[in-house]
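[1] The sequence and its predicted three-dimensional model are supplied below.
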Amino acid sequence: MHELSEHIITKKINKENFKSFSKIMGSKKDRVLKRLLFSLLVMLIIILCLPWTQNISGNGRLTSLRPDQRPQSIQTVIPGKIEAWYVKEGDYVKSGDTIMRISEIKDDYFDPNLLVNVEDQIKSKESSVSGYMQKVAALDRQIDALNESAKLKRSQQELKIKQLGLKVQSDSMEFSVASSNAIIARDQYDRFKSLFEKGLKSETELEQREVAYQNARSKQVESENKLLIARQELTNARTELNTITQDYRDKVSKSESDKFSTMSMLYDTEAQVTKLQSQYAGYSQRSGFYYITSPADGYITRAIQTGVGETIKEGDEIVSLMPANYQLAVELMVKPIDYPLLSKGQKVRFIFDGWPAFVFSGWPGASAGTYGGLVVAIDNFTNDKGEYRILVAPDPDDVAWPPGIRVGAGARGMALLNDVPLGYELWRQFNGFPPNYYQADEPKKK
């Protein structure tokens, strides 16, 4: 009843004697229920106001932070036949320890004295190179000698030409004098002949003048012949000078041709020596591949090739090796929708397979058995399953990872985002909105 009247009778009537009053009027149970519902409402409001850490979850596996510390397979560089094994699965090996010995299967390398024979060929070719070098030096000396000889011959011929030139001048002067004497003798003969005709000179004197004229004329002809001979000798000397120059030029050209031919053979032989040296180095290096050694300290986990006497090809995997020293990291796979929310330096919580954990995904502080990490690398492309790979290293400011975990074990990670009220997170999940974008704090620059 609402008790709107001024005359209230509820206090004068015993309500327990009337069932209608007990059904209409409130009881103690109703009041308890109201209080309970009110308390639940208050608790729900409080819960919705509680902070909730948004996160991105993904599955992954343990790996090594450095590529050279991850599990690797040891391969053979050359083909061969397995001759002996020196390790077994589970053995610990150091860097350089011998794992297996193989032998040759190619007939090109069957010769046991292959290195010795190639070395002898190298020495023989080197001797040929030395001989060619000496021949080139001898040809150089020959060319120098020919040049010096040509220079000397030309000097001698030029001197001879100069002497003949002087002789031509002398004979020319002598011919000029003889010509003048012949003219004078003729003039005298003509005058004496005129006087003889007049009777002023005797016939004897005329004959003497005629003889003198003939002698002068003879000397003129003789000097002219000497001049012509001298001129011819001068021309011959000049021609001989050109011949000497041409002959020595031909000789020098032939020697230079022989020199260049020898140098060509020298370079060809040097190329053969270089090729043989390369072959020798390759054969020597190949002999070192008969023993397959460990590239690092670690454990032999699995023998891929088995037995003795089996043949293997170059590049075939022989055994798998797990390095003894490695830095653990987690290779976590995330969906493309969560990729924009990730960044380097972001905190991640992990649950490792085989290690008990009590997890509240939204309250990492209340979780137990989880371990922290920091994102150190994010791939820019997806794998075959359309997922992105991120690499997470241990957080140095968090609890150390368990010492018993090994590479290859499974892990589940949760990348932590912003802290939001629980009510907001439920509203976001109900509406399908993405989490709030998060960026790691960058260190401040001074």
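    In hand now; what should we look at? Numbering: from 1, shown residues only.
[2] CA only for contacts and neighbour counts going forward, please
    Noted.
[3] how close does residue 143 sit to residue 248?
    The spacing between residue 143 and residue 248, counted by CA to CA, to the nearest Å, is 10 Å.
[4] Kindly report the same for residue 80.
    In terms of CA to CA, residue 80 sits 64 Å off from residue 248.
[5] Likewise for residue 290?
    63 Å.
[6] tell me which element the residue lying closest to residue 136 once chain neighbours are set aside is part of?
    Leaving aside its chain neighbours, residue 136 sits nearest to residue 259 (5.5 Å; criterion: CA to CA, 6 or more residues apart in numbering). Residue 259 is part of helix 203-287, with elements assigned from DSSP states H and E.
[7] Tell me which other helices or strands that helix touches.
    Counting contacts by 3 or more CA pairs under 8 Å, 6 or more residues apart in numbering; DSSP states H and E, helix 203-287 packs against helix 114-198.
[8] I figured residue 309 hits residue 81, correct?
    Yes: with contacts counted by CA atoms under 8 Å, residue 309 reaches residue 81, the gap being 5.6 Å.
[9] okay, these two: which has more neighbours?
    residue 81 (17 against 13; other CA atoms under 10 Å).
[10] Just confirm the more buried one is within a strand.
    Yes: Residue 81 sits within a strand when classified using DSSP: H, G, I helix; E, B strand; the rest coil.
[11] Identify the bridge partners of it.
    For residue 81, the residues forming beta bridges with it (DSSP bridges) are residue 103, residue 311.
[12] Check the gap between it and residue 95 for me.
    Residue 81 is 23 Å from residue 95, by CA to CA.
[13] same deal with residue 379?
    32 Å.
[14] circling back to that earlier point, quick one: which of residue 290 and residue 248 has more around it?
    residue 290 (21 against 18).
[15] Pull the contacting residues for the more buried one.
    Neighbour list for residue 290: 101-104 [criterion: CA atoms under 8 Å, 6 or more residues apart in numbering].
[16] 7 Å instead?
    101-103 (CA atoms under 7 Å, 6 or more residues apart in numbering).
[17] Compute the number of surrounding residues for residue 83.
    Count around residue 83 with other CA under 10 Å applied: 16.
[18] Neighbours of the nearest residue to it once chain neighbours are set aside, how many?
    Leaving aside its sequence neighbours, residue 83 sits nearest to residue 102 (CA to CA, 6+ apart; 5.1 Å). Neighbour count for residue 102, taken as other CA under 10 Å: 23.
[19] and the gap between residue 102 and residue 96?
    Relative to residue 96, and taking CA to CA, residue 102 is found at 16 Å.
[20] swap in residue 370?
    Distance from residue 370 to residue 96, by CA to CA: 39 Å.
[21] now swap in residue 292 and tell me
    Taken as CA to CA, the span from residue 292 to residue 96 is 9 Å.
[22] Likewise for residue 282?
    Counting by CA to CA - residue 282 and residue 96 are separated by 21 Å.
[23] Which one of residue 292 and residue 96 is surrounded by more residues?
    Here residue 292 and residue 96 are compared on neighbour count by other CA under 10 Å; more neighbours surround residue 292, at 20 against 12.
[24] So that one belongs to a strand, correct?
    Yes: counting by three-state DSSP, residue 292 is located in a strand.
[25] And it, what's its pLDDT?
    Looking at residue 292, its pLDDT stands at 89.
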